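J.: Following is a predicted model, sequence given first.
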Amino acid sequence: MMKIRLNTSAEIKGTIQDIPVPDVVRIPIPKKLKPVVKKKQIVGCGQVIAEISSKGAYNLGFVHASIDGMVEDILPDALVIGPLPPPKEGEDAVTPTRPDPCTELDSLSGEELCRKLLELGVDTSKLHATRTLVINGLNPEPGIIISEQLLQNTVETLKAGVQLLERALKPGAITLVVAAGRNVTVHGCTTVNASDTYPATIDPLVIYAATGAEQPANVDIISVLDLYYVGRVAETKLPLTESIVSISGKTFRAPVGTAVQELLNAAGCTAKTDKKIALGGPMRGEAIFDLSIGISKNSKAVTLVEEGFFPPVQPNPCINCGECVLACPARIQPGMLSRFAEFKLVDDARKQHVEACLECGMCTFVCPANRPVLQYILLAKQLLAAQDAEVATCRLQD
Amino acid sequence: MASQELTKNLFSVSSAPLWHCGRTVRSTMLHSLLALLPAAAMAVYRYGYDAITVIAWAGLTAVVTEFLMQKWMEQESTADDFTALFDGVIFAFLLPSTAPFWLIITGSALTIILGRMVFGGFGGSPVCAPAVGWAVMTAAWPEFMDLNAMLLNWDLIEPLSELKYFGVDAVAEITPVSLLLGDNLGTLGASQVGLILLGGLYLLATKQLRWFIPVSFLAGVFLTALIFYMIDPSQYASPVFHLLSGGTMLAAFFLMPYPSASPVWKLPMLLYGLFGGALLIIIRTYGIYPDGACFAVLLINLCTPLIDLIQPKPFGGR
């Protein structure tokens, strides 16, 4: 049996490859955003297709068309853009209008710059002015090499990103966290080496490695991928329409909304239904049922897992062995919490610090009873949130 | 639209994580049974066909009892994860090799019923099931569990009862090497000390077992015995003798780390082992039974919920 390795650092062989521009893209639209285009409308690459209604500077970024084409369909969670219609007889072919580079990007700073970035598709709401900024340069999960690939091949872009963020946020100090034994720096950041073994690569633990504090209030974290996106916007001054995705040891640059099928073709992978396909890594990825689903900016990777290779997760009884407790980076008792959730004792789960869970999935990974431990914990969290919301509405009515 | 979707190949989904370390209850139990195999083979070599019958009856009864109980409790049968077989074999290891078959069957059935099923099954039990079986049998039929009486055919001595009834001089002749090789009378499997140790090391090496409990238990035995030994070497046996005699090794590697009955945090595991080891020596020194291994395990099992209250603060907790 293949040995499962959880260390994420890998030797980077190739460079970032571009994917041929697809004919059809299916761009995911977050629930909070409102589409601003109609069916059959001709859109140009970079044109806004969904925007947020609030005028604040910190929110979800706008979504832009990633290819020239015609809006084919508006789905609840995505927008399909197909090829341009052939020109009618005697008429000129329609030329979609692409937005001009946003020249004022260089002159803006502070909140105005953040708003501009939001309109260009970059979300800075998780970052706050004057706080310490940690750049997570560790590959997020085993099998995903994007962070180290970007640090190796796109230092200039990352530097532009850091400079832009310095203008937008004026952060206190900037620390870059990379795997042990690696010596990279971006635009004069302090470099800190840390363990590259999952779950040490998740954000709270990287902050701990960089600052020595657990969940400190005055530290923000940004992944190398997000920093690269900021850098791309700074360099091109155009809306963000591309996504970096890692598949089986290769890294691709593709328009947002490219179908998973096209990426698999480019990577030379075949996927039949004997495999599970997930957007994201093997530990936190989201399994998809259909290869026509388009990738988003935050997909990071496409992971293939052979069906039946791993023992199936089932609602077996907990055997109290304590493996999850030893694996848990949050120092809680996942097994116990999962049993609380199983029997709907969510108040006990709260007493046992269910909210400290970092959702890394190690508990389910190590569980010899193959219990869906993390899933139970997420259920407990959701039930607690629903309970709190109910309490809040009751208070309002009083 | 819908009919189009249906004709496409759809992939099955599941929630993250998609990977698993591959370890299951079944694989752990198979490793544990493999770890017991050398000791079982040695027992057969030493006690002959009797040993096979004892292990077979105990194992079979445990599996059948579990199956019937689960049928009755309307649970799904878990015979295929080998936990019942493991408990049965461990129970057999605690018996004299000449135990009558009715004793084996009763004891093995009680191991499963009182040790596991009354608590809901494997994983629910707050006590080590084979130790429960042994304790009930020892209390109910002490004469059939008495090693010296049961093993009269063999011209050897049982170190722990010699120590109990004739003092430390009686065991002065017994060398650690002979204890390791199991050249003395003893229970069927537990007395094959060297091979039990080998099995335990195998489990540690394959990471089926964490070192915390076995090592701290052996340290607890050693330190407590050392204290007694330093008080009066002419009255108390040496720590090495205690480490290598009776059920100490079996308790360290197979009874103490019983998953549901042992603590889960690191420091509690170490304390659990240390106190368990101390209890073993105290029971051997002051108790009425020659070997206190199973009683020590059962007593410290009951302290597990208390010890497990020593918990670290959660990540980011203040």
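T.: Received the coordinates, thanks.

J.: Let me see the confidence value for the residue lying farthest from the centre of chain A.
T.: In chain A, counting by C-alpha atoms, centre = their mean, residue A:90 sits farthest out from the average C-alpha position, at 46.6 Å. On pLDDT, residue A:90 comes in at 73.

J.: Spit out the contact partners of it.
T.: By C-beta atoms under 8 Å, 6 or more residues apart in numbering or on different chains, residue A:90 lies in contact with nothing. For every residue, glycine as well, the C-beta is placed using N, CA and C.

J.: what ranges do the helices span in the stretch 101-250 of chain A?
T.: A:110-119, A:146-153, A:155-169, A:203-211, A:224-236 (DSSP state H, counting those that start in this stretch).

J.: try the stretch 101-250 of chain B
T.: Going by DSSP H, counting those that start in this stretch, the stretch 101-250 of chain B shows helices at B:101-115, B:129-140, B:142-145, B:147-150, B:159-166, B:176-181, B:193-205, B:212-231, B:239-244, B:248-250.

J.: Counting by contacts, list what the fifth one packs against.
T.: Counting contacts by 3 or more C-beta pairs under 8 Å, 6 or more residues apart in numbering or on different chains; DSSP states H and E, helix B:159-166 is packed against helix B:266-286.

J.: Show the pLDDT at residue B:3.
T.: Note on residue B:3: pLDDT of 44.

J.: Then residue A:2?
T.: Residue A:2 carries a pLDDT value of 52.

J.: mean pLDDT lowest for which of the helices of the stretch 101-250 of chain B?
T.: Of all the helices of the stretch 101-250 of chain B, the minimum mean pLDDT falls on helix B:147-150 (a mean of 77).

J.: if we can go back for a sec, measure the residue farthest from the centre of chain A to residue A:70 for me?
T.: Going from residue A:90 to residue A:70 by C-beta to C-beta, to the nearest Å gives 20 Å.

J.: quick one: contacts for residue 150?
T.: Picked chain A for this. Counting by C-beta under 8 Å, 6+ apart, residue A:150 makes contact with A:16, A:157, A:158, A:224, A:225, A:228, A:244.

J.: actually it's chain B I care about, not the one you picked
T.: Neighbour list for residue B:150: B:96, B:97, B:98, B:99, B:144 [criterion: C-beta under 8 Å, 6+ apart].

J.: Between those residues, identify the one with the most neighbours.
T.: Highest neighbour count within the contacts of residue B:150: residue B:97, with 28 neighbours (other C-beta atoms under 10 Å in any protein chain shown).

J.: Setting aside sequence neighbours, what's the nearest residue to it?
T.: Nearest non-adjacent residue to residue B:97, counting by C-beta to C-beta, 6 or more residues apart in numbering or on different chains: residue B:47, 3.8 Å away.

J.: Residue B:188 is in contact with that neighbour, correct?
T.: Yes: Residue B:47 is within contact range of residue B:188, at 6.7 Å (criterion: C-beta atoms under 8 Å).

J.: Common neighbours of these two, please.
T.: Joint contacts of residue B:47 and residue B:188 (C-beta under 8 Å, 6+ apart) are residue B:97.

J.: Distance of the residue nearest to the spatial centre of chain B relative to chain A?
T.: Residue closest to the average C-alpha location in chain B (C-alpha atoms, centre = their mean): residue B:255, at 2.4 Å. Residue B:255 sits 15 Å away from chain A, going by C-beta to the nearest C-beta, to the nearest Å.

J.: Give me the pLDDT for that residue.
T.: Looking at residue B:255, its pLDDT reads 94.

J.: Spell out which residues sit in contact with it, please.
T.: Listed by C-beta under 8 Å, 6+ apart, the contact partners of residue B:255 are B:90, B:128, B:130, B:131, B:247, B:293, B:294, B:297.

J.: now do 7 Å
T.: B:128, B:130, B:131, B:294, B:297 (C-beta atoms under 7 Å, 6 or more residues apart in numbering or on different chains).

J.: so what's residue A:125 closest to, chain neighbours aside?
T.: Using C-beta to C-beta, 6+ apart and skipping residues adjacent in sequence, the residue nearest residue A:125 is residue A:58, 3.8 Å away.

J.: what distance separates the start and the end of stretch A:305-322?
T.: Start to finish, the residues bounding stretch A:305-322 are 27 Å apart (C-alpha to C-alpha, to the nearest Å).

J.: just how off-centre is it within its chain?
T.: Centroid displacement of stretch A:305-322 relative to its chain, using C-alpha atoms, centre = their mean, to the nearest Å, is 26 Å.

J.: and what of stretch A:204-221?
T.: 19 Å.

J.: what's next to that stretch, contact-wise?
T.: A:126-128, A:131-134, A:136, A:138, A:175, A:177, A:192, A:194, A:199, A:203, A:329, A:358, B:315-316.

J.: Relative to residue B:222, which of the helices of the stretch 101-250 of chain A is closest?
T.: helix A:203-211 (37.5 Å; C-beta to C-beta).

J.: restrict the contacts of residue A:150 to those near chain B?
T.: The subset of the contacts of residue A:150 within reach of chain B, by C-beta under 7 Å from any C-beta of the partner chain, is empty.

J.: now, among those, which is nearest to residue A:281?
T.: Among the contacts of residue A:150, residue A:225 lies closest to residue A:281 (C-beta to C-beta), at 12.3 Å.

J.: Distance of the closest residue to residue B:103 other than its chain neighbours relative to chain A?
T.: Spatial nearest neighbour of residue B:103, excluding adjacent residues (C-beta to C-beta, 6+ apart): residue B:144 at 5.3 Å. For residue B:144, the distance to chain A (C-beta to the nearest C-beta) stands at 32 Å.

J.: surely residue B:144 meets residue B:101?
T.: No: counting by C-beta atoms under 7 Å, residue B:144 does not reach residue B:101; the two are 11.3 Å apart.

J.: can you pull the contacts of residue A:196?
T.: A:7, A:8, A:9, A:138, A:139, A:179, A:180.

J.: Need those in CSV (columns: neighbour count).
T.: Shown next, in CSV, are the contacts of residue A:196 (neighbours: other C-beta atoms under 10 Å in any protein chain shown):
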residue, neighbour count
A:7, 15
A:8, 24
A:9, 20
A:138, 30
A:139, 29
A:179, 23
A:180, 11
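
J.: So what's the gap between the strand or helix carrying residue A:251 and the chain middle?
T.: Using DSSP states H and E, residue A:251 maps to strand A:250-255. The chain centre lies 15 Å from the centre of strand A:250-255; the measure is C-alpha atoms, centre = their mean.
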